[in-house]
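Visitor: give the three-dimensional model of this entry:
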Amino acid sequence: MTSLGGRVDRSIPKGKGPNMFRLHGVNYHLIGSLTPEPGDYAKYFQLYIVDTENEVNNRATVISKGKNNSKDGGKSKINKEIIEALMKMLDDVNPYVTHFRAARDRIASKSEEPFHMRIISDRVGMDGRTLSAPVASEIAAIIPGDFRKEMPQRDIIIEDKNSGLLNRISEIHPSYLALQYPLILCYGEDGWRPGIEKAFTGINNKNKKKCISMRQWFALRIQERENECDTLLRSKRLFQQFLVDSFSAVESHRLSYIKFNQSKLRCENYNSIKKAAEGGTTSMNEQGKQVNIPSSFTGGPRYMVQQYYDAMAICKHYGFPDLFITFTCNLKWPEITRYVKKRGLTAEDRPDIIARIFKIKLESLMNDLTVKHMLGKTVAAMYTIEFQKRGLPHAHIILFMEAKSKLPTADDIDKIICAEIPDKDQNPELYEIIKDTMIHGPCGAANTNYPCMVDGKCSKCFPKPFENITKVNSDGYPVYMRRDDTRYVEKNGIRCDNRYVVPYNEKLSMRYQAHINVEWCNQNGSIKYLFKYVNKGPDRVAVVVEPSNKDQSSTSDGSNSNKKKKNEIKDFFDCRYVSASEAIWRIFKFPIQYRTTPVQRLSFHLEGEQPCYFDSDDDIEDVLERTLNEDTQFMAWLSLNRRNAVGKNNTFARNLKYAEIPAYFTWEGKNKQFKKRVRGFALGRINYVPRKLEALYFLRVLLNIVRGPTCFDDIKTYQGVVYKTFKEACYARGILDDDQIYIDSLVDASFWGFGYYLRDFFCMMLLDSALSRPEYVWEQTWHLLSEDIESNKREEYNNPDLNLNDADKRNYTLQEIEKLMLGNGRSLAEIDNFPQPSREVIDNSNRLIVDEMNYNRQFEQEKHDNWIQQLTTEQRAIYDEITRAVFNNLGGVFFVYGFGGTGKTFIWKTLSAAVRSRGKIVLNVASSGIASLLLDGGRTAHSRFAIPLNPDEYSMCNINPNSDLADLIREASLIIWDEAPMMSKYCFESMDKSFCDIIGNIHNKVFGGKSCSFWRRF
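Guide: Presented below is the predicted three-dimensional model:
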């Protein structure tokens, strides 16, 4: 009855494996009007209303009319008697069909009074814990009159006449599933809806949620029960679609919550909020930056970065990993074949059974490796789950072995790993297993379409060369023994010898009868390989988030183009292939990552700069009081040291470094305190900070050295001396260099370079954070940097007899350096303990705005008056359209493209001159540095708007709402972006989200209502 928004991947994957249902693209359910557009054919639920005299024939031919129709004539084999029987069944029992038939009768009566159908979202008095079938009056109603905006927003409104627009059905609507799967839910049974309470929460589960989540509801409904109809579980391909659809709905609902609830959540440090309060600020709308996708969201970029850092922390503690194992599911396992054969199905028809059996086998394998020590005693292990495009799950496992169980020599490797075909006579069972599961390909000339083939070569480098002994090559990779012993197996008519064998372990292959690739490794690159799979492009999540109260206003000016509606917010998160196997794994909440050694992430902050999380409408005094009375994790550690608490094994806290605390104490996030660890073990990982954050960076360095500090001064103390900064304390401990090499470089450059060049050189060092003690380098070289200052000032003041003392020279030199820093968006004030210039000749207002306003308006007007007369008719139309939006504050997005030589650059210049001649700001940016040179005052978009270098669907520009850059964006009237299509769409999405956050997008306009013009030449 409704359409599926995602694109079904119908391509046949390379290699072997089940043909799983795969969805690619944004997934959602859409519903149109009761009748099709003139000249169009009826589809979906319209078949119940339009031309019902020929309904059987219409249903038999409707599939062939679609965009992906096949021309092989296969659709003509549809049995019309089955269609007629299904129609009769739905007419008798389905309440939605009853209302569609009633709408048909009303349309047939040719009444001129408009009407609409409302599918009701409320289920008053119904228990959502039972799969009950609602009656017709409970789920829908035909209401006379036009649709009105004040009607319940969650209801599905179907209008009688086609407006050309499709309505998206919310995933939390009870009819979400019934309208998409009428043959499975033939009685119109309700799906999940908010507020379904659990039957029993348990005595000790006082803090548990009393209502079930959408994921829990789907996990409950796809179970097989003896006294319950199993139509869904026997639906084969449709069951796979149901699983993928369900998982997409769960992810969409989760991201909707993050988008529309946490979008108001902001973060700022305590001192900044305190200063704002002292300045008279009461509202929190302009304080802090917006918090987006948290690291707790499974699969998000922050989640994966944190997982990677955790893995590297384990690697740092235990050393390089020793074994890398890939374990792939086998559809021929007897547990799977017995189950599906009894029900007349195939393995791919039940992805839930595949997932369950693989999960059981994986847990057994990990128990054999980490508890029974089948390959030797392990000290740590981790794995991640990946889903092939073919649909089968497999695990990538890394093992860290105990010192006595490591494999330092080639002979040790041969005891664990084999890359040869076993003897068929001596070990026939192992021979058959290796033949079926551990022979690569064949690929190459024998099979150029094999999945491993890239540019005509095998990406896995098969067939391998023969080797008489195992050895480790110069790069540290093992070369396994593959003797030319005439043994072979025949695969697809091709003889495969030892060169095609994937390395394996005999015990594991015999026990699990599956593809288990065992590799020796001794390098940290294995960690990167482990986490590469979760981050790769085709497997990224695909959902769409939009509000339920969107305003579907028509486009203005009679344009036929479908412009984005002003009150509609859509955040598209990049598409990926979602297979049925992955969907069921995530619905069952099986882990996609696991490690035996837990890692506690340890946060830290500067004194008085603990993070404050608050809602945008919170009162500032309440935020300050709440933050002041609550310890952070770092402050709780200092308190722990002040008490000198005793941890596990009677270890005192004062004897431990910050990263060692989790091994002896546990962190209680709810109570904000450390408690004595009773059992277990955990590693500590201090959060990473970049070098640019100087004070935090050097604080982190000291936290890895200092034991048991009770306050911030203790961290800065060395040999009884309390240093002013963490950086000075690091230098006193001999951690930092003396910067002599940079001093020598400036001295060498002074022999041939002038003062302005040396100042540029010095400014470059400051911008790159290359100096350990920039104030020391300044004291040693300021006389070189000020070489031409006196002559410049004599010329500036027209006083040849001017003589400056050292203090004046230093001050003027600092002013010149400050101007260079401000031109790059930085300031000397950001550098601790660095001398500051006097501000009388430096504009203390927003430097960015001053630079953009520093144009001669009269000269710009003259250029504009000259150029506007030279515009062609088409160029003038573009000019008029954009300037009308700019000068009337209408906002809008304009895309201008054309071939080279059509005068696009000339239009840019004319537009810029028009805006600047009126004293307004235009920001000219380009996708590349070379293209930006063509624009007057041009810069790259990344530099101007602080766009991340590698943006993703969750990224935002690094702009604080109360920064100079934010003020510049608020004041800008027009943004011109050249070569815009060269950039990733995430750049524009990041800019849109940031602009809306900065400007306060109360009208829900794109880019916060700013006029943006995107250009492209072809």
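
Visitor: hey, let's count contacts and neighbours off CA atoms from now on
Guide: Will do.

Visitor: once you drop chain neighbours, what's closest to the residue in the chain sticking out farthest from the centre?
Guide: What lies farthest from the middle of the chain is Asp801; by CA atoms, centre = their mean that is 63.8 Å. Spatially, and ignoring its direct neighbours in sequence, Asp801 is nearest to Arg794 (7.3 Å; CA to CA, 6 or more residues apart in numbering).

Visitor: give the rounded mean pLDDT of the helix or strand that neighbour falls within.
Guide: Using DSSP states H and E, Arg794 maps to helix 789-797. On average, the pLDDT along helix 789-797 is 87.

Visitor: which neighbouring elements make contact with the next helix or strand after that helix?
Guide: Per DSSP H and E, the first helix or strand lying C-terminal to helix 789-797 is helix 806-823. Packing partners of helix 806-823 (3 or more CA pairs under 8 Å, 6 or more residues apart in numbering; DSSP states H and E): helix 755-767, helix 774-785, helix 789-797, helix 847-853.

Visitor: which parts of helix 806-823 are buried?
Guide: 809-821 (16 or more other CA atoms under 10 Å).

Visitor: picking that back up, who does the helix holding Arg794 touch, helix- and strand-wise?
Guide: helix 806-823.

Visitor: picking up where we left off before, right, and the residue farthest from the centre of the chain touches Ser791 too?
Guide: No. Counting by CA atoms under 8 Å, Asp801 does not reach Ser791; the two are 10.0 Å apart.

Visitor: element containing Ala695, please.
Guide: helix 694-703.

Visitor: err, Met991, not the other one
Guide: Going by DSSP H and E, Met991 is part of helix 985-999.

Visitor: which residues touch that helix?
Guide: 290, 571, 945, 947-948, 951-957, 959-961, 966, 969-970, 1004-1008 (CA atoms under 8 Å, 6 or more residues apart in numbering).

Visitor: next, Ser912: secondary structure please.
Guide: Classification of Ser912 by DSSP: H, G, I helix; E, B strand; the rest coil places it in helix.

Visitor: before we move on, what about Phe614?
Guide: strand.

Visitor: so what sits opposite it in the bridge?
Guide: When bridges are called by DSSP bridges, Phe614 pairs up with Arg266.

Visitor: could you verify my assumption that it touches Glu621?
Guide: No. Taking contacts as CA under 8 Å, Phe614 lies outside contact range of Glu621: 11.4 Å.

Visitor: between these two, which one's more packed in?
Guide: Higher neighbour count among Phe614 and Glu621: Phe614, with 23 against 15, using other CA atoms under 10 Å.

Visitor: state the pLDDT value of that one.
Guide: In this model, Phe614 carries a pLDDT of 71.

Visitor: ditto for the one 3 residues further on
Guide: For Asp617, the pLDDT comes out at 72.

Visitor: before we move on, the earlier item: out of the helices and strands packed on helix 806-823, which gets nearest to Tyr664?
Guide: helix 774-785 (39.8 Å; CA to CA).

Visitor: which secondary structure elements does the closest one sit against?
Guide: helix 740-750, helix 755-767, helix 806-823.

Visitor: how about the ones you listed in TSV, adding mean pLDDT?
Guide: Listed next are the helices and strands packed on helix 774-785 as TSV, based on pLDDT from 0 to 100:
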stretch	mean pLDDT
helix 740-750	87
helix 755-767	90
helix 806-823	88
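
Visitor: list the buried residues for the helix holding Arg794?
Guide: Buried, per 16+ other CA under 10 Å, within helix 789-797: 789-791, 793.

Visitor: report the inter-axis angle for that helix versus helix 774-785.
Guide: Relative orientation of helix 789-797 with respect to helix 774-785: 70 degrees, computed using axes from the mean of the first three to the mean of the last three CA atoms, to 10 degrees.

Visitor: which of the contacts of helix 985-999 count as buried?
Guide: For the contacts of helix 985-999, buried by 16+ other CA under 10 Å: 290, 571, 945, 947-948, 951-957, 959-961, 966, 969-970, 1005-1008.

Visitor: among those residues, which are located in helices?
Guide: Among the buried ones among the contacts of helix 985-999, the residues falling in helices (DSSP state H) are 945, 966, 969-970.
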